[in-house]
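A.B. asks: Structure of the sequence below:
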Amino acid sequence: MAAACAPWVRDGAPAGLTSGDRAKLAAWFAARLDYAPPLRDLTADGFTLRGAASAALAGQSVGITVYGDGARVLALAVWPGATPPRDDRAGGLNVLGWTQQGFEYWVVSDGDAGPARRLRAAVQGARRSSDAAAYKSDSY
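C.D. replies: Next up, the predicted model:
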């Protein structure tokens, strides 16, 4: 997972689409994936949406949503699956994973793992929020 997300985390811009507009990102993902990666507005949690990318990993299409935390770039990779992931540090990158509602989620970042942990908590909180209908409308 670290290798798949490293270009976006280290270079600061996604190779797919650079945009903070959720509608544009949703359309971009819809043209490339058969599932909807989360595109929640996490500004209140300190993260700005910066773009989207996709990658192939072990024959699976992976949707990568790129967030910013100040100057730091974090990648949120999502794909259908239920393999229990584990947190790791690979290639100098933090890799934090979990499963939720039939998907595997991975946050990849460099440097201190604190922002990656905060992004994971924000995404998990958004997925568990009581306004599930609002969350679905934020995806696509």
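A.B. asks: roughly how far apart are the residue nearest the centre of the chain and residue 64?
C.D. replies: What sits nearest the mean C-alpha location of the chain, by C-alpha atoms, centre = their mean, is residue 76, with 1.7 Å. Applying C-beta to C-beta, to the nearest Å, the value for residue 76 to residue 64 is 7 Å. Just so you know, the C-beta spots here come from the backbone N, C-alpha and C atoms, and that holds for glycine as well.
A.B. asks: Identify the contacts common to those two.
C.D. replies: residue 37 (C-beta atoms under 8 Å, 6 or more residues apart in numbering).
A.B. asks: Spell out the secondary structure type for residue 120.
C.D. replies: helix (DSSP: H, G, I helix; E, B strand; the rest coil).
A.B. asks: Compute the number of surrounding residues for it.
C.D. replies: 20 (other C-beta atoms under 10 Å).
A.B. asks: isn't it right up against residue 100?
C.D. replies: No - here residue 120 lies out of contact with residue 100, judged by C-beta atoms under 8 Å, at a distance of 10.4 Å.
A.B. asks: what about the strands in the protein?
C.D. replies: 17-18, 48-57, 60-69, 72-80, 88-90, 93-100, 103-110 (DSSP state E).
A.B. asks: ok, the fifth one: who's next to it in the sheet?
C.D. replies: The strands beside strand 88-90 in its sheet (DSSP bridges) come out as strand 93-100 (antiparallel).
A.B. asks: Skipping adjacent residues, who's closest to the residue nearest to the centre of the chain in space?
C.D. replies: Excluding the flanking residues, the one nearest residue 76 by C-beta to C-beta, 6 or more residues apart in numbering is residue 65, at 4.6 Å.
A.B. asks: give me the beta-bridge partners of that neighbour?
C.D. replies: Residues in beta-bridge contact with residue 65 (DSSP bridges): residue 52, residue 76.
A.B. asks: one step back: who are the neighbours in contact with the residue nearest to the centre of the chain?
C.D. replies: Contacts of residue 76 (C-beta under 8 Å, 6+ apart): 37-38, 64-67, 105-107, 119, 123.
A.B. asks: so can I have CSV of the residues you listed showing pLDDT?
C.D. replies: Conversion of these to CSV gives the following (pLDDT from 0 to 100):
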residue, pLDDT
37, 89
38, 81
64, 91
65, 92
66, 90
67, 92
105, 92
106, 90
107, 92
119, 95
123, 92
